[in-house]
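1. Quick one, what's the 3D model for this:
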Amino acid sequence: MGPGKDEDDSKDKNFRKTLPSSSQKKTPTKEVFEKKVNSEKVNSSHMTFSSKNYEFLFQEPSESESDETTWNVSDFSQSDSVDTEPAGPSKTVSPRLPGANVKTTVSEKELTQLAQIRPLIFNYSSQSAMRDCLKMLQRKDEYDIIREFLELEQMTVPDDFNSGNELLNKDKNRYRDILPYDSTRVPLGKNKNYINASYIRIENDEEEYFYIATQGPLPETIEDFWQMVMENNCNVIAMITREIEGGVIKCQRYWPISLKEPLELKHLSILLENCQITQYFIIQIFQIVKKSTGMSHRVKHLQFTKWPDHGTPASADFFIKYVRYVRKSHISGPLVVHCSAGVGRTGVFICVDVVFCAIEKNLSFNIMNIVTQMRKQRCGMIQTKEQYHFCYEIVLEVLQNLLALS
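-> Numbers count the residues shown, from 1 in each chain. The predicted model follows:
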């Protein structure tokens, strides 16, 4: 079993009957690397929001509106399932909703400040080291980066997928070619039950970064997902997909949309406490309550909404701010990261998060080494040449901005 080519396009929507592959048609290399970060200007229009289906398939707010909008979601009813609804525009509503008095979690000004990564030591010596690092990265042309990626494709990785292939667990996988290694899979409960999720530990210059990389939940794995979050004491979930993209189901909605109506599962209740919608990601605060004991656990859920159906974001700036806010929000447990398959966009997030932390702590880093470590712990992390190149583009932008400040 090998990793799929890209998680962003499945030809088979009915994964419960026949699991689809996560593969998609490859974008020609020339087209991929002709695209530049920030080469497209984001068009502005009114933010839209559906009062029936919390699909988050909305457009950007107009320039006259605030970049950050807080919504009181208590007036919206919860639908049975978004999966039965076609993708498409939703109704436009005013940002001034009745009773919208929920506290704003973060402002655009704060996000801009977070994106300006400042090393602990920013003297002449550290600036010189960063300039050398920037020059080294700039010397890598697109062919060097492609060659690195092809080397990663050829590397020897574990081949232990016994748990994921068990008959009892097959329907718990969103894609047939994306399974966790037995050696790094996340066990559930005393019986070590199965979920398609992997522990990812990245070591960089004696620092360790701890994540759970997982697929977007299926209808039948929602409770397993929340159980995993609670058992691992995770306080942050980074979701890097919309529920439906291009008419294809990418992730089951696994959260409540109403302050009045919790999501009731067999053993858990999920309550929504707060929701803020920014121009490029959504912040939600949930409380997980274990019904048998009443024990509760609070989680911040951060959903990035500006990754296109195909390719990579036109704006690196949005993604940099998002990654930095996720890192700032992290307090306990491994950081949970998922997209649809839990390998492509998830891999990009983990890679750049580790690099940003390294820059902040004046530590060296190597993108290929980080991805190598990831791939030894979950198959196919960073699935395409375009995603791999995007990691370099993001890091270059951060270093250029940093040195411009000096």
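
2. ranges for the strands of the stretch 201-350 of the chain?
-> For the stretch 201-350 of the chain, strands defined by DSSP state E, counting those that start in this stretch occupy the ranges 207-214, 236-239, 244-245, 248-249, 263-264, 268-278, 281-290, 296-304, 335-338.

3. would a markdown table of the ones you listed with mean pLDDT, mean neighbour count and distance to residue 137 be doable?
-> Heads up, the C-betas are built off the backbone N, CA and C, glycines and all. Listed next are the strands of the stretch 201-350 of the chain as a markdown table, based on pLDDT from 0 to 100; neighbours: other C-beta atoms under 10 Å; distance: least, C-beta to C-beta, whole Å:
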| stretch | mean pLDDT | mean neighbour count | distance to residue 137 |
| --- | --- | --- | --- |
| strand 207-214 | 97 | 20 | 20 |
| strand 236-239 | 98 | 25 | 25 |
| strand 244-245 | 96 | 22 | 31 |
| strand 248-249 | 94 | 18 | 35 |
| strand 263-264 | 97 | 16 | 44 |
| strand 268-278 | 96 | 20 | 29 |
| strand 281-290 | 97 | 19 | 27 |
| strand 296-304 | 98 | 19 | 24 |
| strand 335-338 | 98 | 25 | 24 |
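
4. Ok, which of those strands comes nearest residue 400?
-> With C-beta to C-beta, the closest approach to residue 400 among these belongs to strand 296-304: 22.5 Å.

5. Quickly run through the sheet partners of the closest one, with directions.
-> The sheet places strand 296-304 alongside strand 236-239 (parallel), strand 281-290 (antiparallel), with pairing taken from DSSP bridges.

6. longest helix of the chain?
-> In the chain, taking DSSP state H as the definition, the longest helix is helix 385-405.

7. Just the buried positions in that helix, please.
-> 385-399, 402 (16 or more other C-beta atoms under 10 Å).

8. List just the nearest of those to residue 119.
-> Closest approach between the buried residues of helix 385-405 and residue 119, by C-beta to C-beta: residue 402, at 7.8 Å.

9. residue ranges with poor pLDDT in the stretch 51-200 of the chain?
-> 51-103 (pLDDT under 70).

10. Strands along that one, start to end?
-> With strands called from DSSP E, counting those that start in this stretch, the stretch 51-200 of the chain shows them at 68-70, 197-204.

11. closest to residue 280 out of those?
-> strand 68-70 (10.3 Å).

12. Quick check: the gap between residue 316 and residue 289.
-> Distance of residue 316 to residue 289, computed by C-beta to C-beta, to the nearest Å: 38 Å.

13. Oh, that last question was meant for residue 166, not what I typed.
-> 31 Å.

14. ok, now residue 133?
-> 47 Å.

15. now swap in residue 379 and tell me
-> Using C-beta to C-beta, we find residue 379 at a distance of 34 Å from residue 289.

16. do residue 224 as well
-> Here residue 224 is placed at a distance of 17 Å from residue 289 (C-beta to C-beta).

17. Repeat that for residue 200.
-> The gap separating residue 200 from residue 289 is 28 Å, by C-beta to C-beta.

18. try residue 323
-> Distance from residue 323 to residue 289, by C-beta to C-beta: 30 Å.

19. cool, residue 307 as well?
-> Residue 307 is 31 Å from residue 289, by C-beta to C-beta.

20. before we move on, what about residue 127?
-> For residue 127 relative to residue 289 (C-beta to C-beta), the value is 49 Å.

21. How about residue 158?
-> Distance from residue 158 to residue 289, by C-beta to C-beta: 37 Å.

22. Over to residue 142?
-> Counting by C-beta to C-beta, the gap from residue 142 to residue 289 is 50 Å.

23. And residue 253, by the same measure?
-> 19 Å.

24. Kindly report the same for residue 317.
-> Using C-beta to C-beta, residue 317 is found at 37 Å from residue 289.

25. same check, this time on residue 184
-> Residue 184 sits 29 Å away from residue 289, going by C-beta to C-beta.

26. And residue 126, by the same measure?
-> 47 Å.

27. just residue 186 next, same as before
-> Counting by C-beta to C-beta, the gap from residue 186 to residue 289 is 21 Å.

28. again, but for residue 134
-> When C-beta to C-beta is the yardstick, residue 134 and residue 289 sit 48 Å from each other.

29. same thing with residue 341?
-> 30 Å.

30. for residue 213, same thing?
-> 26 Å.

31. and what of residue 378?
-> From residue 378 to residue 289 the distance is 30 Å (C-beta to C-beta).

32. How about residue 344?
-> 33 Å.

33. With residue 121 instead?
-> 44 Å.

34. and residue 192, how many neighbours does it have?
-> For residue 192, the neighbour count with other C-beta atoms under 10 Å is 10.

35. How about residue 134?
-> 17.

36. That one: what's it in contact with?
-> By C-beta atoms under 8 Å, 6 or more residues apart in numbering, the contact set of residue 134 is 396, 399, 400, 403.

37. which residues touch the residue nearest to the spatial centre of the chain?
-> The chain has residue 240 as the residue nearest its centroid, 3.1 Å off, counting by C-alpha atoms, centre = their mean. Applying C-beta under 8 Å, 6+ apart, we find residue 240 in contact with 303, 304, 307, 337, 338, 339, 345, 346, 348, 349.

38. Can you list phi and psi of the nearest residue to residue 219 once chain neighbours are set aside for me?
-> Distance criterion C-beta to C-beta, 6 or more residues apart in numbering; nearest residue to residue 219, sequence neighbours excluded, is residue 252 at 5.1 Å. Residue 252 adopts backbone torsions of phi -70, psi 140, taken as degrees, to the nearest 10.
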